[in-house]
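S.K.: Build me a structure from this.
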Amino acid sequence: MDMTSSDSKTPVATAWLGGLGGLPFVALALATHLAGEPWRGLGVHALAAYGATILSFLGGVHWGLAIASHRQDPQLKLAGWLVLSVIPSLLGWAALLLPMQAGLTVQATSFAMMLVVDLRATRIGRAPAWYPKLRIPLTCVVVASLILGAFA
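M.R.: I've put the predicted structure just below:
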């Protein structure tokens, strides 16, 4: 599925939804430092849960890209792409089982690794040309928020 020739302008809906999706990261990270107990603890847990949810979403993006690509290119090694697409969900879930500081750090690292995967997917034509313009700033916000929350 060659998406390299697609428009490089980020669709308005993805920009808005992506930006709005970043707001809970920022709000919860700030809450972990500004709120008193028991709200601080709740904020850390909510941040970890939201992080795991969004990691799963990013994996789902790659699941969708893989099956769409496979339809157009049956020679695509579908199994490898599908395995890659479930790893973010597993990392997000595993991070929830760790002590919060370690779990949020695992999530921050996972988001950074997914950005690398996303950039590669764009480079080889599996993701649209505009995707890095969305993912790079969002990943910076998410990683910073998770690290801030990890040190609450």
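S.K.: ok, then the element right after the longest helix along the chain?
M.R.: Counting by DSSP state H, the longest helix found in the chain is helix 39-72. Using DSSP states H and E, the next helix or strand after helix 39-72 towards the C-terminus is helix 78-96.
S.K.: who's in contact with the residue lying closest to Gly60 once chain neighbours are set aside?
M.R.: In space, and not counting its chain neighbours, Gly60 is closest to Ser85: 7.1 Å by C-beta to C-beta, 6 or more residues apart in numbering. (Each C-beta comes from the backbone N, C-alpha and C, glycine too.) Applying C-beta atoms under 8 Å, 6 or more residues apart in numbering to Ser85 gives the contacts 59-63, 66.
S.K.: quick one: low-confidence ranges for the chain?
M.R.: 1-6 (pLDDT under 70).
S.K.: circling back: can you lay out the contacts of Ser85 as a markdown table showing neighbour count and distance to Ala52?
M.R.: As requested, the contacts of Ser85 are exported to a markdown table (neighbours: other C-beta atoms under 10 Å; distance: C-beta to C-beta, whole Å):
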| residue | neighbour count | distance to Ala52 |
| --- | --- | --- |
| Gly59 | 23 | 11 |
| Gly60 | 14 | 13 |
| Val61 | 18 | 15 |
| His62 | 22 | 16 |
| Trp63 | 15 | 16 |
| Ala66 | 23 | 21 |
